[in-house]
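Novice: Need coordinates for the below:
(chains A and B)
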Amino acid sequence: MTQDAIRAEEVRKVYRPRSGPPVEALLGVSLRVGAGERVALLGRNGAGKTTFLRIASTLLTATSGRVEVFGLDAIATPERVRPLIAVVPQEGKPFFHLSPREQVYSYLRARGLDARTAKARTEESLALMGLEEVANRLSITLSGGQRQRTMVATVIATEAPVLFLDEPTIGMDPFARRSVWESLRALTRKGSTILLTTHYLDEAEALSDRLYIIEQGRVLVEGTSAEIKNRVGGSVRVTVTNGPTASPTFASFGTLVPDGERLHIITTPERLNEILQLALQRHLPATVGPVTLEEAFLSEVGRSIDAEN
Amino acid sequence: MLRTEHAPVRAPWVPSFRGLGAFFLCEFRVQFHEKISIVTSTIVQVVVLVFVGLLAPGLFGVALVGAIIFSFFTLGGRVQNEAAYVRVDHRLNQLYLASPLTAESYFFGMALGVLVAYLPPIVILFVLAEGLLLMSAATAAVLLGVSLVVWLFAISVGYVVSTLFKTMRAIWPWQSLIYTLFGVLPPVFYPLAYFPAALRWLALIIPPSAAAALVQGSLGDSTLSTGDVTLAAGSLVFEALVLFAFALYWARRTVMET
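Specialist: Residues are numbered from 1 along each chain as shown, chains lettered A, B, ... in the order given. Okay, here's the model as predicted:
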């Protein structure tokens, strides 16, 4: 049986602001992340992803519930957990008056690594993130994406047993994002465990072994990307532009997922011809493709919102 | 080693300074890049000295001693702003505090980094004082000692205040309020004898003016009674140690937000 790197049981968090009513951010989140797994938390803004990540990474108290990291209580004994973890905070920025090389190296030294190991890991991490050319420039002169890469390089270099990454690739170009993905895959091959949040569903799909969709402080769905996509009710997606007005027309063909001016119809390959002919008759531009995690996410969260209303 | 369940859990009152040296060097590098800020850090003190030199040359020595003590005192404000900036603007406190680096090392390493980076202009003031006032070794030791105790007090206040607010705009006014009010208004730049006699006790329990009074006494510029010396020295050391101990506790207490 795989050891749990992270185990959360019924974690609740209620923020009590100085003014205004209490805010229930988490309403009993339970999840498990096995050692060596890469797991993504997905959800809308304010769903509770960051709150959970901050509790699990010993930076925020929970109102109730329990979080363990390798069996150690992250809430009651955070000082035992901290040597095992490293965190990329949401919207974190490196010290502007340090270069990426100084930032990574000094962080590793502050974590207690010896100078030789810290130096070697720094160079390796900067190379993985493609930061060699700017490694000696002060971070204040770097672009937003380069600064974010510095943050990720800093944490990757720790090779900590558990990494928490809150939107790690925000602001990065597609090449840089893929470098991060590859580095994270390499880390899990070495035995690290990764829990991340992201709004990029392609990233979640490409990177994660399993996903949790969190909505309004609760776990809505859990599973692999394939399992979550299968829940939508088909393997093919037909996207019709100017579709929402034509929703009733397509209602009988499968699951409808409104997406702004577009309507996604999740269906089976057998019904594809009928749908396309109908779209043609109504002069509605249509495209066909496989169901993506994005449609599954919109469908699951949309269903939840409908149920709430 | 992956598991740490056998690591002892420290009692809340036992500090640990794991990672202090490395974080001090990191913070020193960060601060040292701010050369203009370092150079201008004693500008207020120099302006006061110019005024005193022109208007009351006889008080220049007292003002010079006050400038040194004030310089150490205002380093608390720099720690306050740095800690707040790193937390609010960069969120780097999360990176460092969710790691083996202890919260005590984070706070004190930051304060030491600020101190060492901002020392050069203070050293110039110190050399000037030594040259102009012909201080004895004992007086120089008193000046250095009380300055460091004032620094300990100031960084403790600065760090604690930095944790109380969520935006930089909310934090800025406190720097002026704390460090200007308590560093300029009491007899730091001027003799204790000029302070209202009825409030003399107050001057002797406010750390910067207590420190200044002790140095003035050592220089022979003030007639301090034994009781005054005891009150000034006792309250200075007591307040600094209590505040420092509280700041260490508070640093640990506030790693986990509520």
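
Novice: how would you label residue A:66: helix, strand or coil?
Specialist: strand (DSSP: H, G, I helix; E, B strand; the rest coil).

Novice: Next, count neighbours for it.
Specialist: Residues near residue A:66, counting by other CB atoms under 10 Å in any protein chain shown, number 15. Where you see a C-beta, it was placed from the backbone N, CA and C, and this is true even at glycine.

Novice: where do the helices sit along the chain?
Specialist: You didn't pick a chain, so chain A it is. In chain A, the segments counted as helices under DSSP state H are A:49-56, A:78-81, A:100-110, A:115-128, A:144-156, A:174-189, A:201-207, A:225-230, A:247-250, A:272-281, A:293-308.

Novice: The chain in question should be chain B.
Specialist: Per DSSP H, chain B carries helices over the ranges B:20-32, B:35-39, B:43-55, B:60-88, B:92-97, B:103-117, B:119-133, B:137-162, B:168-175, B:181-184, B:200-205, B:207-219, B:226-253.

Novice: hmm, back to that, can you check which of the helices of chain A gets nearest to residue B:166?
Specialist: When those are compared by CB to CB, helix A:49-56 sits nearest residue B:166, at 14.9 Å.

Novice: Contact residues of the stretch 1-150 of chain A facing chain B?
Specialist: A:54, A:57-61, A:70-72, A:77-98, A:102, A:106-107, A:109-112, A:138 (CB under 8 Å from any CB of the partner chain).

Novice: Might you report the residue contacts of residue 22?
Specialist: Using chain A here. A:14-16 (CB atoms under 8 Å, 6 or more residues apart in numbering or on different chains).

Novice: try chain B instead
Specialist: A:106, A:109-110, A:112, B:101, B:109.

Novice: Residue A:70 contacts residue A:3, correct?
Specialist: Yes: using CB atoms under 8 Å, residue A:70 is in contact with residue A:3, at 7.3 Å.

Novice: what's the overlap in contacts for these two?
Specialist: The contact lists of residue A:70 and residue A:3 share residue A:35, where a contact means CB under 8 Å, 6+ apart.

Novice: Could you check which of these two has the larger neighbour count?
Specialist: Neighbour count, other CB under 10 Å: between residue A:70 and residue A:3, residue A:70 has more, with 22 against 13.

Novice: Give me the pLDDT for the more buried one.
Specialist: At residue A:70, the model reports a pLDDT of 96.

Novice: excluding its backbone neighbours, what's nearest residue B:133?
Specialist: residue B:61 (4.9 Å; CB to CB, 6 or more residues apart in numbering or on different chains).

Novice: returning to that earlier point: among the contacts of residue A:22, which lie within strands?
Specialist: If you go by DSSP state E, the contacts of residue A:22 have A:14-15 in strands.

Novice: Can you lay out the contacts of residue A:22 as a markdown table showing neighbour count?
Specialist: Supplementary listing: the contacts of residue A:22 in a markdown table, determined by neighbours: other CB atoms under 10 Å in any protein chain shown:
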| residue | neighbour count |
| --- | --- |
| A:14 | 14 |
| A:15 | 15 |
| A:16 | 10 |
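
Novice: ok, the contacts of residue A:22 vs residue B:90, which is closest?
Specialist: Nearest to residue B:90, judged by CB to CB, of the contacts of residue A:22 is residue A:15 at 22.4 Å.

Novice: Just give the nearest non-adjacent residue to that closest one, would you?
Specialist: In space, residue A:15 is closest to residue A:23, 4.3 Å off (CB to CB, 6+ apart).

Novice: these two touch, right, the one you found and residue A:46?
Specialist: No: taking contacts as CB under 8 Å, residue A:23 lies outside contact range of residue A:46: 9.3 Å.

Novice: what's around residue 218, how many residues?
Specialist: I went with chain A, as the question did not name one. When neighbours are counted by other CB under 10 Å, residue A:218 comes out with 16.

Novice: try again with chain B
Specialist: 21.

Novice: mind listing what it touches?
Specialist: For residue B:218, the contact set (CB under 8 Å, 6+ apart) comprises B:138-139, B:142-143.

Novice: residues in chain B within reach of chain A, list them.
Specialist: B:2-5, B:7, B:9-10, B:18-19, B:22-23, B:25-26, B:29-31, B:33-34, B:86, B:89-92, B:94-102, B:105, B:109, B:255-258.

Novice: Let's see that with 7 Å instead.
Specialist: Residues of chain B lying near chain A by CB under 7 Å from any CB of the partner chain: B:2-5, B:7, B:9-10, B:18-19, B:22-23, B:25-26, B:29-30, B:33-34, B:90-92, B:94-101, B:255-258.

Novice: Which members of those residues are classed as buried?
Specialist: Buried subset of those (neighbour count, 16 or more other CB atoms under 10 Å in any protein chain shown): B:4, B:18-19, B:22-23, B:25-26, B:29-30, B:33-34, B:90-92, B:94-101, B:255-256.
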